[in-house]
Structure formats: C-alpha cells, structure tokens
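Novice: Provided below for reference: sequence and predicted model.
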Amino acid sequence: MMQQLRIREETMHPVSQAESSGVLIHPLFLGMRGCPGRCVYCDQDKLSGSSGYDLEESVARVREFVRHHPEREKQVAFYGGTFTAWERDSREKLLRGVSEVCDARTSFRISTHPLYVSEEILAWCKNWNIRTIELGIQDFNPEVLALSGRGYSGQEALEAAYRVKKQGFELGIQLMPGLPGWSEASLEENRRILAELKPDLLRLYPLIVIRGTALEQLFNSGEYFPLSLEEAITQCADYYPVARRAGFRIIKLGIPSNIDPAEIAGGPWHPAFGELVKAELAARKVLAIDPQEQAVTLSRDEIRLLKAHGGAALQKVQDWFEQHS
C-alpha cells in the first residue's frame with residue numbers, strides 16, 4: 001500500500017548559517033580596478049550593475065551604515081577588481097577616507113587575486129584593519145584555470161590560501177562552477193582541497209556567459225557549453241556536505257541579481273538561484289529518509305522553499321516517495 005508523504009515543521013526555528021556569523025556587511029564595488037588581465041568570462045561592471053565607485057559617495061554611505069549599527073560587529077567589503085594589485089596610493093586613499101567614518105567595531109573585507117597576497121601585502125593588510133580576505137580562485141584544477149586565462153596554477157592558488165590562513169585572516173574562497181574544461185574529476189578535486197584547506201567562507205558563482213566577453217565568442221561558436229540551471233544547482237548543493245564536515249560556511253550562491261538580464265547570453269542565471277539550491281537541499285533531506293517512514297521534520301524555511309518557484313522541489317520529492325513507497 002502506497003504511503004503518503006508527511007512533513008512536520010520544527011517547533012524551533014533554526015538560525016541560518018548566514019545569520020549565525022553575526023557580522024553586518026556593507027559592500028562597495030570597485031569594478032575592474034587592479035585586475036592584472038581580463039579573464040575569458042569577466043565583466044565586473046556588468047555583474048555589479050555599476051561602472052565603478054565614487055569616493056565621496058562611498059564614504060557617505062559607510063557613514064550611514066556605521067551610524068545605524070553602533071552596537072554590531074561590521075565590515076566594509078571591497079568587491080570587484082583585484083584590491084591588492086591596485087596602486088597602493090589609490091587603495092590607501094580609499095581606505096583612509098572610509099576609515100575616518102568607521103567606529104571601533106568596523107573592520108574591512110577585501111576580494112583579491114591569489115598572486116597578490118605576498119607576505120609583504122598581508123602585512124600591509126593587517127596595518128589597515130583588513131580582517132577578511134576572499135580569494136577569487138574560481139577553480140583549483142590547473143587545466144581549468146589555464147583555459148579561463150587566470151594566470152596561475154592550482155598549486156599557486158592553494159599556497160596563497162594557506163598563506164592568508166597562516167597569517168590569521170578570515171579566509172574566503174570564491175569558486176566558479178562550469179568553467180571551460182571542468183569535469184567530474186575537477187569537481188572532486190575542488191571538494192577534496194576544500195575539505196583539507198578548511199577555509200572560513202565559500203562563495204559559489206556558477207559561470208554565466210556575459211555579452212561582449214571572450215567567453216561569448218566561444219559560446220556562439222559552439223566551443224563552450226554552459227551548465228544548465230539544474231546542473232548548477234546540483235553542483236552547488238554538493239558542496240554543502242563538504243562545508244558541514246570541514247566547518248566552513250557557504251555565504252553566497254549565484255552572481256549578484258542586479259545584473260541586467262539582457263547582458264546574459266547564456267548559462268544558469270536565475271534571480272533567486274540561492275533559493276533554488278536551498279530547495280534542492282531540503283528535497284535531499286527528505287529523500288534521505290527510509291522510504292517507509294511516514295514523516296520527516298523540516299524547518300519552516302525548508303517547507304517554504306520546497307513549495308516556492310512552482311513547487312518543483314516538492315514535486316520531485318513526492319514523485320520519488322511514490323516510486324519507493
């Protein structure tokens with residue numbers, strides 16, 4: 001006799017990983033500043049929906065951010081470009097201006113390139129109250145990196161990550177599923193390295209094809225095939241067990257939603273990509289039970305996610321349960 005799938009709601013609403021960090025982030029986007037080259041897929045200005053930054057405007061925004069959160073731990077985060085490869089005078093001018101409106105509970109977070117975190121640069125970062133360094137590694141596999149024009153090897157990327165970690169910074173890693181040349185073996189390599197490295201943070205940006213990039217030419221010629229949306233969801237969800245075992249947090253899924261969709265030529269972009277991944281995780285939680293079990297306990301958010309976006313995740317669960325009951 002076929003049993004009916006029953007889902008119970010947890011009596012206590014769990015705190016999410018993002019909430020549990022307790023640090024408020026105020027982002028400032030710097031566009032392409034400091035980038036040593038142009039990767040085949042990249043256009044930071046289109047990704048952020050901005051053509052750069054205005055120092056006076058940035059300082060004003062940070063002042064309001066700090067004023068509204070005097071009792072909270074905070075970070076001003078500089079995203080886009082390659083912060084530590086930017087001219088030293090320019091980045092110090094920016095930090096100096098922003099520092100003037102920060103309080104004692106505000107530190108800095110930067111995103112940068114693995115080749116620009118030498119011991120000297122890291123000492124400079126400490127002097128400027130930079131606490132978190134995110135490395136745009138994108139992939140640890142050397143062949144994938146070469147095809148993407150990253151300019152470094154997987155070993156160099158790994159050494160940079162360990163250098164940042166050794167110096168006591170909070171370490172973030174940014175990976176980009178779906179790069180040219182990826183394979184199941186390269187995915188496994190990335191997961192294995194993360195399990196050993198144990199960074200503090202991970203961002204996952206499935207590759208999309210932006211108009212005007214070299215990648216668009218490869219896409220149009222049939223030399224590059226982007227991930228489907230389902231493939232991207234699956235690959236990102238597969239990092240969660242790694243993160244749980246190694247003790248790091250996944251803090252971002254998918255590219256910024258403020259990109260103009262007209263600038264996307266192909267790839268797994270969705271304005272709520274993170275929710276789709278979390279819905280997949282909720283579905284996997286249900287699918288992990290014994291088929292003869294009559295109930296599974298989920299949080300309120302997990303139940304909402306199963307039902308969201310047309311209820312595709314919930315239908316997937318129901319179909320599986322009916323087949324195995």
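Specialist: Now that the structure is in, tell me what you want to look at.
Novice: list the buried ones in stretch 78-88?
Specialist: 78-86 (16 or more other CB atoms under 10 Å). In this view, the C-beta of every residue, glycine as well, is placed from N, C-alpha and C.
Novice: and the residues you listed, which two are the farthest apart?
Specialist: Greatest spacing in those, by CB to CB: Tyr79 and Ala85 (14.4 Å).
Novice: How is the protein divided into domains?
Specialist: 6-271, 272-325 (automatic domain parsing).
Novice: quick one, helices of the stretch 151-300 of the chain?
Specialist: 154-166, 184-197, 214-220, 229-237, 239-246, 273-287, 300-307 (DSSP state H, counting those that start in this stretch).
Novice: thinking again about what came up before, nearest to Leu194, out of the buried residues of stretch 78-88: which one, please.
Specialist: Nearest to Leu194 among the buried residues of stretch 78-88, with distances taken as CB to CB, is Tyr79, at 21.0 Å.
Novice: mind checking the SS state of Phe137?
Specialist: You called it Phe, but residue 137 is Ile. strand (DSSP: H, G, I helix; E, B strand; the rest coil).
Novice: For it, which non-adjacent residue is spatially closest?
Specialist: Spatial nearest neighbour of Ile137, excluding adjacent residues (CB to CB, 6 or more residues apart in numbering): Ala157 at 4.6 Å.
Novice: Could you count how many residues lie near that neighbour?
Specialist: 25 (other CB atoms under 10 Å).
Novice: Pull the contacting residues for it.
Specialist: 114, 135, 137, 140, 145 (CB atoms under 8 Å, 6 or more residues apart in numbering).
Novice: Pipe the domains of the chain into JSON lines and attach mean pLDDT per row.
Specialist: Shown next, in JSON lines, are the domains of the chain (pLDDT from 0 to 100):
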{"stretch": "domain 6-271", "mean pLDDT": "89"}
{"stretch": "domain 272-325", "mean pLDDT": "82"}
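Novice: Now flag whichever of the buried residues of stretch 78-88 is closest to Pro226.
Specialist: When those are compared against Pro226 (criterion: CB to CB), the nearest one is Gly80, at 22.0 Å.
Novice: And the closest one, how close does it get to Arg105?
Specialist: The gap separating Gly80 from Arg105 is 25 Å, by CB to CB, to the nearest Å.
Novice: The residue sitting nearest the centre point of the chain: what's it in contact with?
Specialist: The centre of the chain sits closest to Arg203, judged by CA atoms, centre = their mean, with a distance of 1.9 Å. Shown here is Arg203, whose contacts under the criterion CB under 8 Å, 6+ apart are 134, 172-175, 250-253.
Novice: again, but for Ala308
Specialist: So Ala308 contacts 272, 275, 279 (CB under 8 Å, 6+ apart).
Novice: Narrow the residues you listed to those that are buried.
Specialist: Judged by 16+ other CB under 10 Å, buried ones among those: 275, 279.
Novice: Redo the contacts of Ala308 as a markdown table? Include distance to Gly151.
Specialist: Converted to a markdown table, the contacts of Ala308 look like this (distance: CB to CB, whole Å):
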| residue | distance to Gly151 |
| --- | --- |
| Ala272 | 33 |
| Glu275 | 34 |
| Ala279 | 37 |
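Novice: what's the closest of the contacts of Ala308 to Gln167?
Specialist: When the contacts of Ala308 are compared against Gln167 (criterion: CB to CB), the nearest one is Glu275, at 35.5 Å.
Novice: Identify the residues contacting that closest one.
Specialist: For Glu275, the contacting residues are 305, 308-309, by CB under 8 Å, 6+ apart.
Novice: Including distance to Arg61, could the helices of the stretch 151-300 of the chain go into a markdown table?
Specialist: Listed next are these as a markdown table, based on distance: least, CB to CB, whole Å:
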| stretch | distance to Arg61 |
| --- | --- |
| helix 154-166 | 27 |
| helix 184-197 | 33 |
| helix 214-220 | 32 |
| helix 229-237 | 30 |
| helix 239-246 | 31 |
| helix 273-287 | 24 |
| helix 300-307 | 30 |
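Novice: So which of the ones you listed is nearest Ala262?
Specialist: Comparing those under CB to CB, the one sitting nearest is helix 214-220, at 13.2 Å.
Novice: now for that closest one, which elements pack on it?
Specialist: Judged by 3 or more CB pairs under 8 Å, 6 or more residues apart in numbering; DSSP states H and E, the packing partners of helix 214-220 are strand 209-210, strand 264-266.
Novice: swap the cut-off to 6 Å and go again
Specialist: strand 209-210 (3 or more CB pairs under 6 Å, 6 or more residues apart in numbering; DSSP states H and E).
Novice: Would you list the strands that the strand it packs on pairs with, along with their directions?
Specialist: The strands that strand 209-210 pairs with in its sheet are strand 264-266 (antiparallel) (by DSSP bridges).
Novice: hmm, who's touching the strand it pairs with?
Specialist: 208-209, 211, 216, 219, 226 (CB atoms under 6 Å, 6 or more residues apart in numbering).
Novice: For those residues, which entry has the maximal number of neighbours?
Specialist: Ile208 (25 neighbours).
Novice: ok, that residue touching Phe273?
Specialist: No - using CB atoms under 6 Å as the test, Ile208 is too far from Phe273 to be in contact (10.0 Å).
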